[in-house]
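Asks: Sequence first, predicted coordinates after that:
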Amino acid sequence: MTERTLTHGDLAAITDDIRDHGYALFQTRIERVPAHYRSTQCAELDGCPRPATLVTFAVDEVVEGDDPGFHFVRNQAGAIAHIPVCDEHRSEASHDLHFALTGRQRPDGIRAFDVPGQHLSWN
């Protein structure tokens, strides 16, 4: 499993993953995301009774300029693709989201980034 990277400020590593893989994966604490992306329970595919504490997202563009942020990958219904999970399943969530988006196992080299949520735009 590839390492997680805490991302503050410079988003070059995320941009590199988008260039190399078509998108980048990141997680942030559940309290930092809007309510409709939260869940009271972990959504691990094998089932988990624990409360969700993190949300995993995929982004396919870093938006720079006056209002920096990310362009989120959307599912077939047009909603932002995300998976809420507990701390124990944080690693599995990036694999599960990659599989949900591509139908393939996550390859080596795609990192899962920790991103502070307060600077994100949720449009």
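Replies: Thanks, I have it.
Asks: Now do the same contact list for residue 61.
Replies: Contacts for residue 61 were tallied using CB atoms under 8 Å, 6 or more residues apart in numbering; they are 18, 70, 71. Using the backbone N, CA and C atoms, a C-beta is placed for each residue, glycine as well.
Asks: and which of those residues is nearest to residue 37?
Replies: residue 70 (13.4 Å; CB to CB).
Asks: Give me the secondary structure label for that closest one.
Replies: Three-state call for residue 70 (DSSP: H, G, I helix; E, B strand; the rest coil): strand.
Asks: what's the neighbour count on it?
Replies: For residue 70, the tally of surrounding residues (other CB atoms under 10 Å) stands at 24.
Asks: Return the distance of the longest strand anywhere in the chain from the chain's centre.
Replies: Assignment by DSSP state E gives strand 54-63 as the longest strand of the chain. Distance of strand 54-63 from its chain centroid, counting by CA atoms, centre = their mean, to the nearest Å, is 5 Å.
Asks: Stretch 22-34 too?
Replies: Centroid separation for stretch 22-34 versus its chain: 4 Å, with CA atoms, centre = their mean.
Asks: what do you get for stretch 88-96?
Replies: Taking mean C-alpha positions (CA atoms, centre = their mean), stretch 88-96 and its chain are 10 Å apart.
Asks: Kindly report the same for stretch 86-98.
Replies: Centre-to-centre, stretch 86-98 and its host chain are 9 Å apart (CA atoms, centre = their mean).
Asks: Same check on stretch 87-100?
Replies: Distance, centroid of stretch 87-100 to centroid of chain: 9 Å (CA atoms, centre = their mean).
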